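# predicted model and sequence follow; I will ask about them next.
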Amino acid sequence: MKHLIICVTLALSTHTLADTIIVQSTTSTQNSGLYDYLLPMAEEATGVKVNIVAVGTGQAIKNAMRCDGDVLLVHSKPDEEAFVAEGFGEKRYDLMYNDFVIIGPESDPADVASAPDVVEALQRIQQTGAKFASRGDDSGTHKKELALWREAGIDPEGGSGRWYLETGSGMGATLNTGVSLGAYILSDRATWISFANKQDATIVYEGNPALFNQYGVTPVSVDKCPTVNRQAAQAFTQWLVSVAGQSAIAAYQLNGKQLFFPNANQTKPDN
Amino acid sequence: MNALAEALRLIVTLDADLFEILWLSIRVSLIALAISAVISLPLGTWLAITRFPGRKVVILVLNALMGMPPVVVGLMVYLLLSRSGPLGWMGLLYTPTAMIIAQVVLITPIIAALSHQVIENLHQEYRDTFYSMGVTGRRAIVAYLVDARFALTTCILAGFGRAIAEVGAVIIVGGNIDHLTRVMTTAIALETSKGNLTLALALGAVLLTLSLLVNALVIGVREYAAKRQYA
């Protein structure tokens, strides 16, 4: 019986092409339609078929550490650098950026819109007893949000289940929940722009340097994961950071708005 | 209402993406069902007609497994098929085959437990006859399965329903990869997370219609066959 099952499943398994890679990715790049736009161009240029597994940044990193991906494309720089430092990634490249925004009901009960900075904005949310919907899923956005709470000197866990609602879900699911509850939500701008169930929610706070959102791309190291398709992973990564890839990212618009701003080839003072 | 109109539009315009996803859903679930049936029907029958120490415990466990959360099955199969897992060398993670495996694990206890119940009822009636005719072992299992085939279709349909409708397992082991492992339920989850609630609901309506068609087909065949047999 076992042999039969193995035979049947083997016969049915899809051919793994030599030039196919799996990208462990954050969700915003998929939900915003970036991949639908970008991948045909990348495949055309590199001949590499790219399969996207879009999960939160935390899960994507863990999946990649189990060697279940050839490339990591996420947005939590410290974690990506740790990924490389532990030998799982060859080299991390800055890819593009946008920013986080605070979403809330139009009425803005905590008067977040007039806050001088993001720390004050969060303090107002907590003080007025307004609700805040958190990803709670160890994603890049969740990590960013926790860092902001720390900066504001607030431990939101104390209000967990009362005003601080951890959905433990993706950005879209958290937006669905938060918008329905009239809660405030930290979201990346790309997911928000492409989100179709906004109801009466809107961006109530934006434009603070603390809300910078950097995406990075890292080919998984063949030393740790011998099954990695190194050549194809490199080809895809190099295309993304090339002039062609970067201008393609810059050209992507949704509802007349640019969602991601390429910055792969900018020399940074810190590296 | 908008969702129904959208569902109709997708079907009428023969939306290529929709039919690709729909076809993969059907393919994965039907293959999982076929493999599962080959395992679970004889297993259920064997459990119904054989007596051995610990049989009650096995049946209890089988019944409990009917309530196994798909996401747990998905996680188990993921850890098994992950490149760093024991079967990682097969390279099956994020393929339709991985989804089939997960669904087989998910629905085998359901079909086995339900068919066990069906055959057990039959066994009360036939035991002495079969015994006096010397029909035992493998031959008895086949005889019971053939005799109960109409009642067993319901068990199989229950398994199919579970397979085609679940999302928790296939999204983990399949990865919801566009044009590779995206099925109806994972597409619905994705559209919901994009806030495209109308489209998500429309896909749900299409899936429900498919389920209805499959059930109608199977029940129709059963009625026809039963009528012919007893006419």
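Perfect, I can see it now.

# next SSE after the helix ranked longest in chain B?
Assignment by DSSP state H gives helix B:96-133 as the longest helix of chain B. Moving toward the C-terminus from helix B:96-133, the next helix or strand (DSSP states H and E) is helix B:137-147.

# how far off helix B:137-147 does the longest helix of chain B point, in degrees?
Helix B:96-133 and helix B:137-147 are oriented at 100 degrees to each other (axes from the mean of the first three to the mean of the last three CA atoms, to 10 degrees).

# any residue of helix B:96-133 up close to chain A?
Yes: Helix B:96-133 reaches chain A (CB under 8 Å from any CB of the partner chain) through B:P96, B:T97, B:I100, B:I101, B:V104. Every residue, glycine included, has its C-beta placed from N, CA and C.

# for the most far-flung residue of chain B relative to its centre, give its distance to chain A.
Here chain B reaches farthest from its C-alpha mean at B:S132, the gap being 36.4 Å by CA atoms, centre = their mean. Distance, B:S132 to chain A, using CB to the nearest CB, to the nearest Å: 31 Å.

# can you name the residues that contact A:A201?
Going by CB atoms under 8 Å, 6 or more residues apart in numbering or on different chains, A:A201 touches A:I103, A:G104, A:P105, A:E106, A:L175, A:G178, A:V179, A:G182, A:I185.

# and A:E145, what is it in contact with?
When contacts are counted by CB under 8 Å, 6+ apart, A:E145 touches A:S134, A:R135, A:L186.

# again with A:G159
A:Q126.

# follow-up on the earlier one: ok, the contacts of A:E145 vs A:V48, which is closest?
Lowest distance from A:V48 to the contacts of A:E145 (CB to CB) belongs to A:R135, with 30.8 Å.

# I'd assumed A:G172 was in contact with that closest one.
No: taking contacts as CB atoms under 8 Å, A:R135 lies outside contact range of A:G172: 10.6 Å.

# looking at these two, which one has more neighbours?
Using other CB atoms under 10 Å in any protein chain shown, the more surrounded residue of A:R135 and A:G172 is A:R135, with 29 against 25.

# so how far is chain B from the more buried one?
On the measure of CB to the nearest CB, A:R135 and chain B end up 12 Å apart.

# so A:A232 sits against A:N51, correct?
No: here A:A232 does not reach A:N51: they are 11.1 Å apart, not a contact under CB under 8 Å.

# of all the contacts of A:E145, which comes closest to A:R92?
When those are compared against A:R92 (criterion: CB to CB), the nearest one is A:R135, at 22.6 Å.

# leaving out chain neighbours, which residue sits closest to that closest one?
Closest residue to A:R135 apart from its sequence neighbours, by CB to CB, 6 or more residues apart in numbering or on different chains: A:H142 at 3.9 Å.

# distance check, the one you found against B:L213.
A:H142 sits 42 Å away from B:L213, going by CB to CB, to the nearest Å.

# the more surrounded of the two?
The neighbour count for A:H142 versus B:L213, taken as other CB under 10 Å, is higher for A:H142 (23 against 10).

# and the more buried one, what does it touch?
Counted by CB under 8 Å, 6+ apart, A:H142 has contacts A:G56, A:G58, A:S134, A:R135, A:G136.

# how far off centre is stretch B:29-36?
Put simply, stretch B:29-36 sits 6 Å off its chain's centre (CA atoms, centre = their mean, to the nearest Å).

# one more: stretch A:97-117?
20 Å.

# same deal with stretch A:201-216?
A distance of 13 Å separates the centroid of the chain from that of stretch A:201-216, by CA atoms, centre = their mean.

# go on, stretch B:184-196?
22 Å.

# do the same with stretch B:213-230
Between the centre of stretch B:213-230 and the centre of its host chain there is 19 Å, according to CA atoms, centre = their mean.

# flag every residue of chain B that's near chain A.
B:31, B:35, B:38-39, B:82-85, B:88, B:91-97, B:100-101, B:104, B:175-178, B:180, B:190, B:192-197.

# now do B:T13, the pLDDT please.
pLDDT recorded at B:T13 is 87.

# so how far is A:I102 from it?
B:T13 sits 40 Å away from A:I102, going by CB to CB.

# please identify which of the two sits among more neighbours.
Set B:T13 next to A:I102 and count neighbours by other CB under 10 Å: A:I102 wins out with 27 against 9.

# pretty sure the more buried one sits against A:N208.
No: look at A:I102 against A:N208 with CB under 8 Å: they stay out of range, at 9.4 Å.

# what is in contact with these two at once?
By CB under 8 Å, 6+ apart, the residues touching both A:I102 and A:N208 are A:V118.

# got the buried residues for the helix or strand where A:A147 lies?
Using DSSP H and E, A:A147 sits in helix A:140-151. Within helix A:140-151, the residues scored as buried using 16 or more other CB atoms under 10 Å in any protein chain shown are A:G140, A:T141, A:H142, A:K143, A:K144, A:E145, A:L146, A:L148, A:W149.

# can you give me the helices in chain B?
Assigned by DSSP H, chain B shows helices spanning B:2-12, B:16-49, B:55-65, B:70-81, B:96-133, B:137-147, B:149-165, B:168-174, B:184-193, B:197-230.

# how about the stretch 1-150 of chain A?
A:2-12, A:28-31, A:34-46, A:57-65, A:77-85, A:118-127, A:140-151 (DSSP state H, counting those that start in this stretch).

# for the record, mean pLDDT for the third one?
For helix A:34-46, mean pLDDT is 96.

# show me what it packs onto, helices and strands only.
Packing partners of helix A:34-46 (3 or more CB pairs under 8 Å, 6 or more residues apart in numbering or on different chains; DSSP states H and E): strand A:49-54, helix A:230-241, helix A:243-251.

# quick one: the shortest one near chain B?
Yes: using CB under 8 Å from any CB, strand A:49-54 comes into contact with chain B via A:N51, A:I52, A:V53, A:A54.

# which other helices and strands contact that strand?
Strand A:49-54 packs on strand A:20-25, helix A:28-31, helix A:34-46, going by 3+ CB pairs under 8 Å, 6+ apart.

# follow-up on the earlier one: and the angle from the helix holding A:A147 to helix A:57-65?
Going by the same axes, to 10 degrees, helix A:140-151 makes 130 degrees with helix A:57-65.

# which element follows helix A:140-151 toward the C-terminus?
Next helix or strand after helix A:140-151 toward the C-terminus (DSSP H and E): strand A:164-166.

# then the very next helix or strand once past that following strand to PDB, C-alphas only?
Where DSSP H and E defines the elements, the next helix or strand beyond strand A:164-166 is helix A:171-181. The C-alpha trace of helix A:171-181 is given here as PDB (Å, rounded to 0.1, in the frame of the first residue of the first chain):
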ATOM      1  CA  MET A 171      -2.100  42.600   7.500                       C
ATOM      2  CA  GLY A 172      -5.300  42.200   5.500                       C
ATOM      3  CA  ALA A 173      -7.100  40.200   8.200                       C
ATOM      4  CA  THR A 174      -6.000  42.700  10.900                       C
ATOM      5  CA  LEU A 175      -7.300  45.600   8.700                       C
ATOM      6  CA  ASN A 176     -10.600  43.800   8.300                       C
ATOM      7  CA  THR A 177     -10.900  43.300  12.000                       C
ATOM      8  CA  GLY A 178      -9.600  46.800  13.000                       C
ATOM      9  CA  VAL A 179     -11.700  48.700  10.500                       C
ATOM     10  CA  SER A 180     -14.800  46.900  11.600                       C
ATOM     11  CA  LEU A 181     -14.100  47.700  15.300                       C
END
